[in-house]
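Colleague: task: produce atomic coordinates for the following.
(2 chains)
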Amino acid sequence: MTLLEVRDLAAGYETGQVLFGVDVTVERDEVVSLLGRNGAGKTTTIRAIVGADTPHVQGGSITFDGHDLRATRSHRIPKLGLTLVPEGRRCFENMTVEENLRLAANHVTDPLAVDLILDQFPELAAMRDRPSKNMSGGEKQMLAIARSLVANPRMMLLDEPCEGLAPYIVRRIESIIEEISQERDVTVLLVEQNVAVALAVADRHYILDEGRIVDAVSTERLREDETLRQEYLGV
Amino acid sequence: MSDRRSPETIARWATESLDTDVLHRLRVPLGLVAVIVFIRPVVSHPVLLGYEQIANSILIWMLFAASFNLLIGYTGLLSFGHAMFLGFGTYGAAIGVLHMGLPFIVAALISVAVATVVAHLIGRLTVQKGEIYFAMLTLAFAQSVYFIANQNYGGITGGSTGLSGALPAWIESYRGVMYVSLEWLRFDWYYLLAVVFLIGMLALWQLVRSPFGRTLAVVRENEELARAVGIDTRRYKIWSFTFSGMFAALAGVLLEINNQGATLHDLSVTTSGDVILMTVLGGTKYFFGPLTGVFVWLFSRDFLTEFETLVVPLSEFPIVRVELSGVLTYWQFFLGLLFVIAVLVAPREGVWGLFRGGVERLFQRFGGDQE
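Modeller: Numbering: from 1, shown residues only, chains lettered A, B, ... in the order given. Presented below is the predicted three-dimensional model:
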């Protein structure tokens, strides 16, 4: 059953159009990756889905579980069961780990228990009273994922969760994504530049280049087809 | 981190914190009581300003600036038209008493209610427009209110002379000093003012530390992320603007009594500008920041304009006499200088943050030796 369907999405910023007809379909319980070089439009796609202030969506449709997301105000989207782990400033820096989680739990209708989430993230449980500004990049990323999970979503969007992290933390994030998908039955759309991460966790891959989906491939094909990787991903 | 949390340390905290914990939790109410108790004797000391009435306006402006800080400090909204709500308080009370013959309390309550509703409506129209547009729109609304009051339609607002003489029946003014005068009791108006100030400030404090206030801080810190976790940021900003207007109008009602009327100056763009400068000077990050800013501003203004001759070392033994009145009448220059320094050194901490930081460093220095 299709959970997220993006059709012919066109979007852009004041400086110009970035997406020229993106089609992405994610079925329930899948882990799908959206791959592409810097500037291909990955983050733009994800931001358009969650209804951020920018980019401006110019055309196409975005449907999540039967809801038209283009007509939904962005703060309502988590309540529909679609949460985002953003890139960049991921946590509320002046709040502790626990406060970050409680805040997210307070603004959805059917959250998971904060303690349940902390059990799943022992690293975070050990520092539940620490302000998130005093945490490492990997810890902040884990907190952002945990905060997204406490809202009890059906689907999670992750925007480059492994960017700038040390390899052993990348392994940990990969295993967290697997846990989320398998144990919590959360569907995942992962935006990545790092092909290795996508190969490790995702079942299917969309390849985005210059604002268009140029290919949709299985993990085997992506692993074997070196020319495809060379041409669109530079690896 | 782990060695600091050893069992001995926790046991020591437990015994030590019993007495300091209550003080710590009640530091804001205690601080507010300290403000109303000490500010009058301090400013009226002959070495400083030497008259008591300035304490009245300091308290009123403190409440006004604290209401403004709910916007700028806690929500991150810079309004250039906050005088409008102060003016709703002053004009509302005066119009209610003079033209409608209402008892003062009723007029005051109505004017605060009207200001709250108007703030809510203006908030709905403006909060989501982006920083510059929000600032310009609030300025535009405030200027149109100013214009209407100045035009004196139907003789209601008194035009450029404003409205005077609208005092509650229980206030009497004698030789420039106002008293609350009941049948069996007569006391200085300052004490009633201080009680209303305290109630208003405590309400504001409850507001900023409630879940509502904590969420406002989240909206200020990272609005996009706030929306991504499901917070209706627009709604929070609108209510912040509403409460801010409500408390500003309360300050306006107090100002109306204190000035024995409403003046056009209450609504003017200078008043809006002053409250921004005072709040930022004091520090928008802290609850006591705007209070400090108001105190420093109003105190320095009066102190510097009154100051004439500097005698060193003591006026009984004049060795050096410097005539400073010519220089110090330009008090705006000195306050402007202080403002620039405060903003450059500590943009969100302000004077209060610098003071706090200094005290903390002293404690660390001398407290550290004892351990």
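Colleague: separation between the residue nearest to A:Phe121 when sequence neighbours are not counted and A:Ala125?
Modeller: Computed as CB to CB, 6 or more residues apart in numbering or on different chains, the closest residue to A:Phe121 that is not its neighbour in sequence is A:Ala146, at 5.1 Å. Placement of C-beta: from N, CA and C, glycine included. Look at A:Ala146 and A:Ala125: by CB to CB, to the nearest Å, they are 10 Å apart.
Colleague: and the end-to-end length of stretch B:73-82?
Modeller: 14 Å (CA to CA, to the nearest Å).
Colleague: more neighbours, A:Ala146 and A:Ala125?
Modeller: Higher neighbour count among A:Ala146 and A:Ala125: A:Ala146, with 26 against 15, using other CB atoms under 10 Å in any protein chain shown.
Colleague: was I right to think that one contacts A:Leu116?
Modeller: No - applying CB atoms under 8 Å, one finds A:Ala146 not in contact with A:Leu116, separated by 10.4 Å.
Colleague: what packs against the longest helix along chain A?
Modeller: Longest helix in chain A, counting residues (DSSP state H): helix A:167-183. Helices and strands touching helix A:167-183, by 3 or more CB pairs under 8 Å, 6 or more residues apart in numbering or on different chains; DSSP states H and E, are helix A:137-150, strand A:187-192, helix A:195-201.
Colleague: switch to 10 Å and redo it
Modeller: When contacts are defined as 3 or more CB pairs under 10 Å, 6 or more residues apart in numbering or on different chains; DSSP states H and E, helix A:167-183 sits against strand A:31-35, helix A:114-120, helix A:137-150, strand A:155-159, strand A:187-192, helix A:195-201.
Colleague: got TSV for those, with distance to B:Val177 too?
Modeller: Output for the helices and strands packed on helix A:167-183, formatted as TSV (distance: least, CB to CB, whole Å):
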stretch	distance to B:Val177
strand A:31-35	74
helix A:114-120	58
helix A:137-150	58
strand A:155-159	65
strand A:187-192	70
helix A:195-201	75
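Colleague: of all of chain B, which residue lies closest to chain A?
Modeller: Nearest residue of chain B to chain A: B:Gly230, at 3.5 Å (CB to the nearest CB).
Colleague: and that residue, what pLDDT?
Modeller: Listed pLDDT for B:Gly230 reads 93.
Colleague: give me the contact list for the lowest-mean-pLDDT helix or strand in chain A.
Modeller: Here the helix or strand of chain A ranked lowest by mean pLDDT, DSSP states H and E is helix A:226-233, holding a mean of 85. Here helix A:226-233 makes contact (CB atoms under 10 Å, 6 or more residues apart in numbering or on different chains) with A:35-37, A:40, A:192-195, A:198, A:205, A:207-210, A:214-215, A:217, A:221-223, A:225, A:235.
Colleague: quick one: low-confidence parts of the stretch 1-150 of chain B?
Modeller: By pLDDT under 70, the low-scoring segments of the stretch 1-150 of chain B are B:1-20.
Colleague: one more pass at 80, please.
Modeller: B:1-23, B:45-51 (pLDDT under 80).
Colleague: for A:Val26, helix, strand, or coil?
Modeller: strand (DSSP: H, G, I helix; E, B strand; the rest coil).
Colleague: assign the residue of chain B closest to chain A to helix, strand or coil.
Modeller: What three-state DSSP gives for B:Gly230 is coil.
Colleague: am I right that B:Tyr286 sits in a strand?
Modeller: No - per three-state DSSP, B:Tyr286 lies outside any strand segment and is coil.
Colleague: burial count for the residue lying closest to it once chain neighbours are set aside?
Modeller: Computed as CB to CB, 6+ apart, the closest residue to B:Tyr286 that is not its neighbour in sequence is B:Trp352, at 5.4 Å. Counted with other CB under 10 Å, residues neighbouring B:Trp352 total 25.
Colleague: got the phi/psi numbers for B:Tyr51?
Modeller: phi -140, psi 150 (degrees, to the nearest 10).
Colleague: OK, contacts around the residue lying closest to it once chain neighbours are set aside?
Modeller: Ranked by CB to CB, 6+ apart and with sequence neighbours excluded, the top spatial neighbour of B:Tyr51 is B:Ser44, at 5.9 Å. Residues in contact with B:Ser44 (CB under 10 Å, 6+ apart) are B:Gly50, B:Tyr51, B:Glu52, B:Gln53, B:Ile54, B:Ala55.
Colleague: same thing with B:Asn259?
Modeller: Contacts of B:Asn259 by CB under 10 Å, 6+ apart are B:Asn56, B:Ser57, B:Ile60, B:Thr90, B:Ala94, B:Gly162, B:Ser164, B:His265, B:Asp266.
Colleague: show me where the stretch 101-250 of chain B has strands.
Modeller: Remark: strands assigned in the stretch 101-250 of chain B by DSSP state E, counting those that start in this stretch are B:163-164, B:171-174, B:177-181, B:186-188.
Colleague: of those strands, which stretch is the most buried?
Modeller: strand B:163-164 (a mean of 19; mean count of other CB atoms under 10 Å in any protein chain shown).
Colleague: mind giving me the packing neighbours of that one?
Modeller: Under the contact rule (3+ CB pairs under 10 Å, 6+ apart), strand B:163-164 is packed against helix B:83-98, strand B:261-262.
Colleague: just to revisit the earlier point, the residue nearest to A:Phe121 against A:Asp115, yeah?
Modeller: No - using CB atoms under 10 Å, A:Ala146 makes no contact with A:Asp115, being 11.7 Å away.
Colleague: for B:Arg175, grab phi and psi.
Modeller: Dihedral angles (degrees, to the nearest 10) for B:Arg175: phi 50, psi 50.
Colleague: just the buried residues of the contacts of helix A:226-233.
Modeller: Taking 16 or more other CB atoms under 10 Å in any protein chain shown as the criterion, what is buried in the contacts of helix A:226-233 is A:35-37, A:40, A:192-195, A:198, A:205, A:207-209, A:215, A:217, A:222.
Colleague: any weak-confidence spans in chain A?
Modeller: Checking chain A against pLDDT under 80 turns up A:89, A:234-235.
Colleague: returning to what we had before: any common contacting residues for A:Ala146 and A:Ala125?
Modeller: A:Val97, A:Ile117, A:Leu118.
Colleague: now the last one: how far from A:Leu82?
Modeller: Computed with CB to CB, the distance linking A:Leu118 and A:Leu82 is 23 Å.
Colleague: which residues touch A:Asn194?
Modeller: A:Ser33, A:Leu35, A:Glu160, A:Pro161, A:Cys162, A:Glu163, A:Leu165, A:Val170, A:Ala200, A:Leu233, A:Val235.
Colleague: let's see it at 7 Å
Modeller: By CB atoms under 7 Å, 6 or more residues apart in numbering or on different chains, A:Asn194 lies in contact with A:Cys162.
Colleague: follow-up on the earlier one: so what's the residue of chain B closest to chain A up against?
Modeller: A:His75, A:Pro78, A:Lys79, A:His107, A:Val108, A:Ala151.
Colleague: burial check on the nearest residue to A:Val188 once chain neighbours are set aside, number of neighbours?
Modeller: Excluding the flanking residues, the one nearest A:Val188 by CB to CB, 6+ apart is A:Val31, at 4.4 Å. Using other CB under 10 Å as the criterion, A:Val31 is surrounded by 23 other residues.
Colleague: for B:Ala217, grab the count of nearby residues.
Modeller: 17.
Colleague: which SSE is B:Leu63 in?
Modeller: helix B:53-69 (DSSP states H and E).
Colleague: between helix B:83-98 and that helix, find me the angle.
Modeller: For helix B:53-69 against helix B:83-98, the angle by axes from the mean of the first three to the mean of the last three CA atoms, to 10 degrees is 120 degrees.
Colleague: show me what helix B:53-69 is packed against.
Modeller: helix B:27-43, helix B:189-209, helix B:233-259, helix B:269-282, helix B:289-306 (3 or more CB pairs under 7 Å, 6 or more residues apart in numbering or on different chains; DSSP states H and E).
Colleague: if we can go back for a sec, report the buried members of the contacts of B:Ser44.
Modeller: Counted by 16+ other CB under 10 Å, the contacts of B:Ser44 give B:Gln53, B:Ile54, B:Ala55 as buried.
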